[in-house]
Each structure stands twice: as C-alpha cells, then as structure tokens.
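J.: build me a model:
(one chain, ligands or ions: 2)
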Amino acid sequence: TSESQPPSQPLGPGYRDEAQKPTATVSKPIPQDNVFILPQTPQLIALLTMIRDENTGRADFIFYSNRIIRLLVEEGLNHLPVVGHEISTPVGRHYVGVKFEGKICGVSIMRAGESMEQGLRDCCRSVRIGKILIQRDEETSKPKLYYDKLPEDIADRWVLLLDPMLATGGSALMAIEVLKSRGVPEDHILFLNLIASPEGIKKFADEYPKVRVVTAFVDQGLDEKNYIVPGLGDFGDRFYTM
Ligand code: PRP
Ligand code: URA
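T.: Ligands and ions are numbered 1, 2, ... in the order given. As a prediction, this is how the structure comes out:
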C-alpha cells in the first residue's frame, strides 16, 4: 500500500545559495483543506530527523519530540476563536489586540497521545485533560476501545485531540466517534498529530471534513504491518519503554 516518495527540496538559510543547501525530504502535500501541515522549515526537519533515527536513545527522543509537540500545540491554538481585546500599555498607549474566547480541553489517545499532554499544559496552564484508551491489535491493526474518561461538559468545549501517529486512521476515527457520542460537534475538534500516513489522513479528513488536523508530516505510506514508512517505529515504545 506504500505510495511514491515525498519530494526532496533544498533547505537552509537565505544567505546560502541553492547549490550550497542540503537536500531533505519534506512532507507530501495533500489536497484536503481541513489538514494543516506545519511549515517544512530546516528546524522542523532537523527535529524530525532526530526522532526518526533508529540510533536516537529515549532521552533525546523525548526531548526532540517535545519540541515538535510544542510547535504543533502553538499552531493548533491558531485555530481556536479569538475576540477583539483592547488594552492600555504601561506607557499610556492603547493597543488593539485579541484574546482567546471559549473553553478548551485536551483529550489524549492512550498511551502515545499522553506524551503530548505536557506540551499542551505548557501553553494552557490549567487545561482539563480527558483520556481515551484505544489500542491497535498487533495482528490485525484494528483498534479496540477499552476506556474513556472525559470532562462532563466536554460538549461545550473546543477539544484538542492528541495522538502522535496516524497510520491506518482506525484509532483516530474511533476517538472521534467517542467525542461525537458525548455531544462534541465535529467543527469543535482539532486533531494534533506528529506523523501521518497519506492513506490514514485521507480517510480521516474525508470522513470528518469539519475536524481540523494539524500535523508535522505526511509520510510515504504504510508497510505490511501497517507501520508508517519511513516513520519512526513505535512511538509509544520509544517514548515510554525502550
Ligand atoms: C498507536 C498510535 C495510534 C495508533 C495509530 O497506538 O499511538 O494510537 O497506533 O495507528 P492506526 O492509525 O492504524 O490506528 P497503539 O495502539 O500502538 O498504542 P500505544 O499508544 O500504547 O503505543
Ligand atoms: N503506531 C506507531 O507508533 N507507529 C506506527 O508507525 C504506526 C502505529
């Protein structure tokens, strides 16, 4: 099921001419307009190179994943509504700005999604966080729902759904069904994701066109065990147990 290689492009600062820049593989573009791929900057590609590397140990894997997660959260927050907010500065001038409007919560798909909770908390101090435990069957890749615990008033909140890996899309689709069953409107859900397969993200974005997805990278495809390729292996194992 794997697809063609994503494009390579020269990456680096503007003071270097194109010939001096290294060529790196960047994310596949995809047509769905509810999917927002982070800008493919040299910094993001360097961070992704670290976490994809099989020789990167757990401490570095956690450190560099956290930096990408922070970028995803910061970009995700741009998709929440703001209202006008005018303030006065200490030098007696007015400034016309904005402030966030509405209540939010995070929901992590356990276990790997829990790795993204701290990044959300770093930006939204006292954010409520719900949990959905979905595990992929190792043989069939089919997701199974074991448990969920969500804020009572989740239907009145904007939900940031957290899972670093979107492979077949089965787990993320199941999580959206749980959220919908609690009354969360699709257009109040934002899915934050590190790496997606093209087939998984297409399925997800087509099925839920009102759910916004912010991802760092759409990869090449899936292997015979439904792992993302080139991918980074098992995110949960590398972050928590390896
Ligand atoms: C991984 C990952 C996603 C899911 C993606 O979790 O974190 O939840 O697989 O695959 P899919 O798109 O094909 O459903 P896994 O079930 O392996 O559990 P873990 O988080 O405990 O590692
Ligand atoms: N889950 C992971 O952690 N990695 C994959 O490549 C697919 C599912």
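J.: what residues does the protein put near ligand 2?
T.: Residues of the chain found near ligand 2 (CB under 6 Å from any ligand atom) are 112, 165, 167, 227-228, 231, 234-236. C-beta: built from backbone N, CA, C; applies to glycine.
J.: now flag whichever of those residues is closest to F63.
T.: Using CB to CB, F235 comes nearest to F63 of the residues of the chain next to ligand 2, at 14.5 Å.
J.: so what's the residue count around that closest one?
T.: Using other CB atoms under 10 Å, F235 is surrounded by 22 other residues.
J.: any idea of the pLDDT on it?
T.: According to the prediction, F235 has pLDDT 98.
J.: please save the CA atoms from stretch 73-86 in PDB.
T.: Output in PDB follows, covering the C-alpha atoms of stretch 73-86 (Å, rounded to 0.1, in the frame of the first residue of the first chain):
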ATOM      1  CA  VAL A  73       0.300  23.000  20.000                       C
ATOM      2  CA  GLU A  74       1.300  26.600  19.200                       C
ATOM      3  CA  GLU A  75       0.000  26.100  15.600                       C
ATOM      4  CA  GLY A  76      -3.100  24.300  16.900                       C
ATOM      5  CA  LEU A  77      -4.000  27.300  19.100                       C
ATOM      6  CA  ASN A  78      -4.200  29.500  16.000                       C
ATOM      7  CA  HIS A  79      -7.300  27.500  15.000                       C
ATOM      8  CA  LEU A  80      -9.300  28.500  18.100                       C
ATOM      9  CA  PRO A  81     -11.600  31.500  18.100                       C
ATOM     10  CA  VAL A  82     -10.400  34.900  19.400                       C
ATOM     11  CA  VAL A  83     -12.300  38.100  20.100                       C
ATOM     12  CA  GLY A  84     -11.100  41.700  19.900                       C
ATOM     13  CA  HIS A  85      -9.400  42.900  23.100                       C
ATOM     14  CA  GLU A  86      -8.100  46.500  23.600                       C
END
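J.: gap between L47 and ligand 2?
T.: Taking CB to the nearest ligand atom, to the nearest Å as the measure, L47 falls 17 Å from ligand 2.
J.: let me fix that: T241
T.: As judged by CB to the nearest ligand atom, T241 and ligand 2 stand 12 Å apart.
J.: would you map the helices across this protein?
T.: Secondary structure of the chain (DSSP state H): helices at 42-52, 58-77, 117-123, 170-181, 198-207, 235-236.
J.: list the contacts of the second one.
T.: Contacts with helix 58-77, where a contact means CB atoms under 8 Å, 6 or more residues apart in numbering, come from 36, 38, 44, 47-48, 50-51, 56, 100, 115-116, 118-120, 122-124, 160, 164, 190, 192-194, 214-216, 235, 238-239, 242.
J.: could you dump the helices of the chain into CSV with distance to ligand 1 added?
T.: Output for the helices of the chain, formatted as CSV (distance: least, CB to the nearest ligand atom, whole Å):
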stretch, distance to ligand 1
helix 42-52, 14
helix 58-77, 12
helix 117-123, 13
helix 170-181, 3
helix 198-207, 5
helix 235-236, 3
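J.: right, I'll call it a day here.
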